[in-house]
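S.K.: Got a sequence here, can you model it:
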Amino acid sequence: MGFVSEFKTFAMRGNVMDMAVGIIIGGAFGKIVASFVSDVIMPPIGLLVGGVDFSDLKVVMKEAVMQGSEVVTSAVTINYGSFLSTVIDFIIIAFAIFMMIKAMNKMKKKEEAVPAPAPAPPAPSNEEKLLAEIRDLLKK
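M.R.: As a prediction, the model looks like this:
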């Protein structure tokens with residue numbers, strides 16, 4: 001089997017394609033959540049804590065060195081506001097994945113909980129029928 005045909009066989013397996021679709025959708029979902037956090041959640045939180053824009057929150061370790069209006073050396077900062085936004089992104093994505101897996105597990109348990117119908121008892125054999133007739137005749 002050639003390398004190209006072997007790769008084609010591998011790539012066209014169902015679970016590989018499912019994984020690729022999941023990665024693409026996950027990337028898009030991550031962008032949606034990042035936008036949701038930075039554009040919808042953080043502005044009201046910033047307003048509540050005094051009109052702070054979280055993307056501007058940072059600790060300056062070393063100021064920028066300037067010569068006139070030209071920056072000679074950039075400032076060294078710890079951007080903890082951006083870090084907080086990323087942590088909130090992660091928490092929202094983790095919660096969404098948790099809820100999705102919880103729903104899938106619940107549906108899986110329902111499938112397992114439904115018992116298979118009991119098989120019908122086998123029809124009596126000719127000997128059993130004959131013995132039943134003899135029993136009924138003796139009762140009379």
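
S.K.: Now stretch 58-75: average pLDDT?
M.R.: Stretch 58-75 carries an average pLDDT of 88.

S.K.: can you list contacts of it?
M.R.: Val76, Thr77, Ile78, Asn79, Tyr80, Gly81 (Cβ atoms under 8 Å, 6 or more residues apart in numbering). Glycine gets a C-beta too; all of them are placed from N, C-alpha and C.

S.K.: Tabulate the residues you listed (a markdown table), appending secondary structure and distance to Val65.
M.R.: What follows is the contacts of stretch 58-75, written out as a markdown table (DSSP: H, G, I helix; E, B strand; the rest coil; distance: Cβ to Cβ, whole Å):
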| residue | secondary structure | distance to Val65 |
| --- | --- | --- |
| Val76 | strand | 11 |
| Thr77 | strand | 14 |
| Ile78 | strand | 18 |
| Asn79 | coil | 19 |
| Tyr80 | helix | 23 |
| Gly81 | helix | 23 |
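
S.K.: which of these has the most neighbours?
M.R.: Using other Cβ atoms under 10 Å as the neighbour test, the contacts of stretch 58-75 are led by Gly81, with 18 neighbours.

S.K.: Ramachandran coordinates for the nearest residue to that one once chain neighbours are set aside?
M.R.: Distance criterion Cβ to Cβ, 6 or more residues apart in numbering; nearest residue to Gly81, sequence neighbours excluded, is Leu57 at 2.8 Å. In terms of degrees, to the nearest 10, the main-chain angles of Leu57 are phi -70, psi 120.

S.K.: Leu57 reaches Asn79, doesn't it?
M.R.: Yes. Here Leu57 lies in contact with Asn79, judged by Cβ atoms under 8 Å, at a distance of 7.4 Å.

S.K.: Right, I'll leave it there.
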